[in-house]
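Asks: All I have is the shape, not the residue letters:
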């Protein structure tokens, strides 16, 4: 049975960097499902309550359960549009999951965005239109990271959570 790790937060908050680092740490056959890659590159579709990526992600997790020890699902994933998808994923993984939300200020995400390769792809106006203030899913074990947490802090916490929950 695969272990599900959910990483959510606003654009520029560090979730993609963390997900890639975590995939490297967890090793071979760790599936990383990035909302941006699936929506923008694979499907080239819009985001919203009826986006076509919701059933695709569920099917990808279903497949991952057959061949992957870990599945990381990473993206903004606005609660209003994706809450039912996460309910389905958690059920599919027999409630064997970890969940993290990157709760940084808009100013900090904008500052971080200015250092990224994607800086020329979109700017402050787009980031503001995507912004979701404290968009927690509300699960009891949903952990939050703030701008005070370094990548090392975050990775250490997730690694400890994996060990303590016997996910490793």
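Replies: Nice, thanks for sending it over. Computed from a predicted model, the values in this text were never measured in an experiment.
Asks: list the buried ones in stretch 37-53?
Replies: Buried residues in stretch 37-53, counted by 16 or more other Cβ atoms under 10 Å: 38, 39, 47, 51, 53. C-betas here are computed from N, CA, C, even on glycine.
Asks: The last one reaches residue 41, doesn't it?
Replies: Translated: residue 53. No - in this structure residue 53 lies outside contact range of residue 41 using Cβ atoms under 8 Å: 11.0 Å.
Asks: that older thread, so which of the buried residues of stretch 37-53 is the closest to residue 65?
Replies: residue 38 (17.2 Å; Cβ to Cβ).
Asks: re the thing from before, out of the buried residues of stretch 37-53, which two are the most distant from each other?
Replies: Among those, 38 and 47 lie farthest apart (Cβ to Cβ), at 10.8 Å.
Asks: isn't residue 7 right next to residue 76, touching?
Replies: No - contact status for residue 7 versus residue 76: not in contact, 10.5 Å apart, counting by Cβ under 8 Å.
Asks: what about those two, which has more around it?
Replies: With neighbours defined as other Cβ atoms under 10 Å, residue 7 and residue 76 compare such that residue 7 has more, 26 against 22.
Asks: Each with direction, which strands does the host helix or strand of that one pair with?
Replies: Element membership of residue 7, judged by DSSP states H and E, is strand 3-9. Under the criterion DSSP bridges, strand 3-9 sits next to strand 70-75 (parallel), strand 97-102 (parallel) in its sheet.
Asks: which SS state does residue 143 fall under?
Replies: What DSSP: H, G, I helix; E, B strand; the rest coil gives for residue 143 is strand.
Asks: pretty sure it is touching residue 157, no?
Replies: Yes - using Cβ under 8 Å, residue 143 is in contact with residue 157, at 7.1 Å.
Asks: Any regions of this structure where pLDDT drops low?
Replies: In the prediction, the chain carries residues with pLDDT under 70 at positions 116, 118-120, 166-168.
Asks: Need the overlap of contacts for residue 53 and residue 41.
Replies: Contact criterion Cβ atoms under 8 Å, 6 or more residues apart in numbering; residues shared by residue 53 and residue 41: none found.
Asks: Quick check, central residue of the protein?
Replies: For the chain, the residue sitting closest to the mean C-alpha position, by Cα atoms, centre = their mean, is residue 74 at 2.1 Å.
Asks: wouldn't it be in contact with residue 7 here?
Replies: Yes - shown here, residue 74 and residue 7 form a contact pair, counting by Cβ under 8 Å, at 4.4 Å.
Asks: isn't residue 16 right up against residue 36?
Replies: Yes - with contacts counted by Cβ under 8 Å, residue 16 reaches residue 36, the gap being 7.3 Å.
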